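Undergrad: Fold the following.
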Amino acid sequence: MTTLEQDIRRSVRTIKDYPRKGIAFKDLTTLWKNGRLNRRVTAALVASWRRGRIDKIVGIEARGFIVGAPLADRLGLGFVPARKVGKLPGDKMSVNYELEYGRQGLEIHSDAISKGDRVLVVDDLLATGGTAKAACSLVERLGGEVVGIAFVTELSYLKGREKLAGYEVRSLAKFDSD
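TA: Residues are numbered from 1 along each chain as shown. This next block holds a predicted model:
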């Protein structure tokens with residue numbers, strides 16, 4: 001019998017030199033196409049976060065939507081998309097941040113998080129931590145409290161947890177090297 005972490009690690013495809021030379025991109029689409037494994041991943045995330053009081057899930061564009069929406073559904077919570085700059089209509093709050101291969105921005109609707117909301121931030125993968133940190137800053141600027149950050153996978157060799165110090169961070173599977 002294999003563990004969930006082993007199954008996740010085996011199912012994730014590595015694409016070399018994407019999106020630019022020198023990056024080993026971890027592609028989770030090969031995990032999501034396996035319905036049984038996808039269900040196990042969602043169930044493990046539900047079990048991991050069920051005990052705490054959470055009001056909303058914030059999913060980071062775009063793969064965080066794939067993970068976060070079913071998690072919110074199973075926990076009976078609202079789902080808030082954190083979108084790339086320019087993708088949300090209406091009143092929104094924005095933040096810019098650095099990636100390992102460029103600069104990016106995130107936005108959340110100004111009315112998506114209420115003062116005192118307890119929020120779980122969700123994405124597919126933790127790399128350097130910049131995107132998750134940006135999402136957390138948006139939640140906090142809107143008056144919410146980040147109760148944790150959930151990932152399916154983590155590239156531990158990039159030390160993203162260091163950037164997220166002070167937050168509870170959980171991942172289901174870790175990659176210690178490319």
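Undergrad: Look up which residues are beta-bridged to the residue lying closest to residue 12 once chain neighbours are set aside.
TA: Excluding the flanking residues, the one nearest residue 12 by C-beta to C-beta, 6 or more residues apart in numbering is residue 26, at 5.2 Å. (C-beta placed from N, C-alpha, C; glycine too.) Beta-bridge partners of residue 26, counted by DSSP bridges, are residue 14.
Undergrad: Kindly provide the distance from the residue positioned nearest the centre of the chain to residue 172.
TA: The residue lying closest to the centre of the chain (C-alpha atoms, centre = their mean) is residue 123, at 1.3 Å. Distance, residue 123 to residue 172, by C-beta to C-beta, to the nearest Å: 12 Å.
Undergrad: Spell out which residues are contacts of both of these two.
TA: Contact with both residue 123 and residue 172 is made by residues residue 151, according to C-beta atoms under 8 Å, 6 or more residues apart in numbering.
Undergrad: Residue 13 against residue 34, yeah?
TA: No - the criterion here is C-beta atoms under 8 Å, and residue 13 misses it with residue 34 at 11.9 Å.
Undergrad: follow-up on the earlier one: what about the residue nearest to residue 12, how many residues nearby?
TA: The tally of other residues near residue 26 (other C-beta atoms under 10 Å) stands at 22.
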